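A.B. asks: return atomic coordinates for the entry below.
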Amino acid sequence: MAQIDYQSPTERVQSWLDADGSTLHIRFNNPERHNALSVDMWEAVPALLALAEQDERVRLVVFSGAGEKAFVSGADISQFEDMRAAREAVARYEELAEKALMGIYHFSKPTLACIRGYCIGGGVNVAISCDLRIAASDAVFSIPAARLGLGYRYSAMKNLVDLVGPGVAKDLFFTARRIGAVEAKEVGLITRVASPDQLEALLAEYRESLAANAPLTVRAGKAIVAEILKASPDIDLDKCKQLILGCFQSEDYTEGRKAFMEKRKPVFRGR
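C.D. replies: This is a model prediction of the structure:
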């Protein structure tokens, strides 16, 4: 088979294959902003997954963050005003994020989030779109949408509820509180925890297992689980979309965005 070029379309997403080609590593590379996700980073993910889908050598795709401080800390604040303030920009940003996250979720081969440091907002969305989640003991998780007035898309909420159940999902979402790796494991947000110096060894365990196990069996198992978790046909998706759009069009979203950039506590009025 000819060598497949895994060069990322942006320097802010690094990608490489293991020596045997069985694992594709995708690393978010924006450490000066704690690996906050920019538009070009969202755009890079589907292209890399499309290459990995075609490459018979690839048994596992691993997502991680550059450096030791963060997996992903949320949206890139430098693009916050330009990309998320206007209605058209919101729709564009949401479309890119949804395409990338659903690309991860529906990818036919196993995916794994290897988490160190901050895993906030969009970072949680990336992690819960993956099949497997391992973390260092210094990891910190939070979904701060309620502190910003953001709409939280149906697909992300469903992934969260499917993973941790409605009670824990509401707790994390309503309060926007931060939890550590131990509690994240207790509630089912992640499956295994290692000390920071042992995280690479834990990841190697997964890489070696997936390289050795039967790929057709693993992919069949993933596909069957996806069938089990499919949404009910009675769900009103249009209502969900309108509720999210209402959040982004609200005065509270404008206030949340300004307060976030001004590093102050927002004053929400429910309108």
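
A.B. asks: hey, let's count contacts and neighbours off CA atoms from now on
C.D. replies: OK.

A.B. asks: what ranges does the chain have for its helices?
C.D. replies: Here the chain has its helices, by DSSP state H, at 39-54, 80-84, 87-106, 122-129, 145-148, 154-164, 166-175, 181-187, 199-212, 215-228, 237-248, 251-262.

A.B. asks: how close does Asp76 get to Gly256?
C.D. replies: According to C-alpha to C-alpha, to the nearest Å, Asp76 stands 15 Å off from Gly256.

A.B. asks: same deal with Ala201?
C.D. replies: Taken as C-alpha to C-alpha, the span from Ala201 to Gly256 is 41 Å.

A.B. asks: over to Lys158?
C.D. replies: 24 Å.

A.B. asks: looking at the two, which is more packed in?
C.D. replies: More crowded of Lys158 and Gly256, by other C-alpha atoms under 10 Å: Gly256, with 23 against 17.

A.B. asks: quick one: the more buried one and Ile244, what's the gap?
C.D. replies: Distance from Gly256 to Ile244, by C-alpha to C-alpha: 15 Å.

A.B. asks: which residue is nearest the centroid of the chain?
C.D. replies: Taking C-alpha atoms, centre = their mean as the criterion, Val126 is the residue nearest the geometric centre of the chain, at 0.9 Å.

A.B. asks: leaving out sequence neighbours, find the closest residue to that residue.
C.D. replies: Leu101 (6.2 Å; C-alpha to C-alpha, 6 or more residues apart in numbering).

A.B. asks: for the one you found, what are its contacts?
C.D. replies: Asn125, Val126, Ser129 (C-alpha atoms under 8 Å, 6 or more residues apart in numbering).

A.B. asks: do the same with Gly180
C.D. replies: Gly180 touches Ser137, Asp138, Ala139, Val140, Phe141, counting by C-alpha under 8 Å, 6+ apart.

A.B. asks: which of these are buried? Put it as a PyMOL command.
C.D. replies: A single PyMOL command selects the buried members of those (16 or more other C-alpha atoms under 10 Å):
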select buried, resi 137+138+139+140+141
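
A.B. asks: any chance of the contacts of Gly180 in a markdown table, plus pLDDT and distance to Ser15?
C.D. replies: Formatted as a markdown table, those follow (pLDDT from 0 to 100; distance: C-alpha to C-alpha, whole Å):
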| residue | pLDDT | distance to Ser15 |
| --- | --- | --- |
| Ser137 | 98 | 25 |
| Asp138 | 96 | 24 |
| Ala139 | 98 | 22 |
| Val140 | 98 | 24 |
| Phe141 | 98 | 24 |
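
A.B. asks: coming back round to it: ok, the contacts of Leu101 vs Phe28, which is closest?
C.D. replies: Distances from Phe28 to the contacts of Leu101, taken as C-alpha to C-alpha, are shortest for Val126 (10.9 Å).

A.B. asks: do I have it right that Ala169 meets Lys158?
C.D. replies: No - counting by C-alpha atoms under 8 Å, Ala169 does not reach Lys158; the two are 9.4 Å apart.

A.B. asks: list residues touching both of the two?
C.D. replies: With C-alpha under 8 Å, 6+ apart, Ala169 and Lys158 have no common neighbours.

A.B. asks: how near is Leu202 to Ser209?
C.D. replies: Counting by C-alpha to C-alpha, the gap from Leu202 to Ser209 is 11 Å.
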